[in-house]
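Engineer: I'll drop the sequence and a predicted model, then ask my questions.
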2 protein chains.
Amino acid sequence: MIQVIAKSKIKEGCLEEYKKVAFELIDETRKEEGVISYQLYQDIQNELIMTIIEVWKDEKALLEHSNTPHYKKLVPKFNQLREFVEVNAYRCVK
Amino acid sequence: MIQVIAKSKIKEGCLEEYKKVAFELIDETRKEEGVISYQLYQDIQNELIMTIIEVWKDEKALLEHSNTPHYKKLVPKFNQLREFVEVNAYRCVK
């Protein structure tokens, strides 16, 4: 199992547009065969920090995700709406 | 429910010691009344990035965690073994 944390800092004034794009990406991604969970979180102290926490069956499923039409269509839109994104893929140790 | 992501970059040569301290903190934390899950992850591309992903019943449980004897004993040890830590507390949006 692979856990991905994708932490974004949204540009001022772009939060609602970001959520719209994120909701579409979430709906489409949750239909994928290899996804276990795919959820959007908001920092409780800074509403502009939005993080998607993803759980995938394996690295192959994660790779396939990045080749889907919805990923290719929506992630570029994300990049116009955020200052930065930090993405880490993890394995559970304990 | 509150989800916390605590991402650490471990100093060179300190990984095994960090894991030892982390395992003790995990064992003790999992006994707490307000914890839902508390797991240690390692970045699949950089072994020195270690992240604890925590799920708490509410903010009160998270606050109580930081006042426990094991937190007060072990987290200062963490700080000697890592270059930085980034902690975000989140609520689920979707």
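Structural biologist: Perfect, thanks for sending it. None of the values given here were measured: they were computed from a predicted structure.

Engineer: What parts of chain A come near chain B?
Structural biologist: Residues of chain A lying close to chain B (Cβ under 8 Å from any Cβ of the partner chain) are A:2-3, A:5, A:7, A:19, A:22-23, A:26, A:39-45, A:49-51, A:53, A:59, A:88-94. For glycine as for every other residue, the C-beta is placed from the backbone atoms N, C-alpha and C.

Engineer: can you map out the strands along chain A?
Structural biologist: Per DSSP state E, chain A carries strands over the ranges A:2-10, A:35-43, A:49-56, A:82-92.

Engineer: how about low-confidence regions in chain A?
Structural biologist: By pLDDT under 70, chain A has no low-scoring segment.

Engineer: Which residue lies nearest the spatial centre of it?
Structural biologist: Among the residues of chain A, the one closest to the centroid is residue A:52, at 4.1 Å (Cα atoms, centre = their mean).

Engineer: Is it correct that that residue is in contact with residue A:23?
Structural biologist: No - contact criterion Cβ atoms under 8 Å: residue A:52 and residue A:23 do not qualify, at 11.3 Å.

Engineer: okay, and the common contacts of the two?
Structural biologist: Both residue A:52 and residue A:23 are in contact with residue A:40, where contact means Cβ atoms under 8 Å, 6 or more residues apart in numbering or on different chains.

Engineer: Ignoring the adjacent residues along the chain, who's closest to residue A:79?
Structural biologist: Nearest residue to residue A:79 in three dimensions, chain neighbours excluded: residue A:85, at 7.6 Å (Cβ to Cβ, 6 or more residues apart in numbering or on different chains).

Engineer: Could you list which residues are in contact with that neighbour?
Structural biologist: Here residue A:85 is in contact with A:6, A:7, A:8, A:9, A:78, A:79 (criterion: Cβ under 8 Å, 6+ apart).

Engineer: and of these, the nearest to residue B:31?
Structural biologist: residue A:7 (29.2 Å; Cβ to Cβ).

Engineer: neighbours around that closest one, how many?
Structural biologist: For residue A:7, the count of nearby residues is 22 (other Cβ atoms under 10 Å in any protein chain shown).

Engineer: nearest residue to residue A:2 other than its sequence neighbours?
Structural biologist: Of all residues not flanking residue A:2 in the chain, residue A:56 sits nearest, at 4.6 Å (Cβ to Cβ, 6+ apart).

Engineer: so how far is residue A:57 from residue A:92?
Structural biologist: Applying Cβ to Cβ, to the nearest Å, the value for residue A:92 to residue A:57 is 13 Å.

Engineer: so what sits against both of the two?
Structural biologist: Shared contacts of residue A:92 and residue A:57 (Cβ under 8 Å, 6+ apart): residue A:1.

Engineer: Which neighbouring elements make contact with the longest helix along chain A?
Structural biologist: Criterion DSSP state H: the longest helix present in chain A is helix A:15-29. Helix A:15-29 sits against strand A:35-43, strand A:49-56, helix A:69-81, with contacts defined as 3 or more Cβ pairs under 8 Å, 6 or more residues apart in numbering or on different chains; DSSP states H and E.
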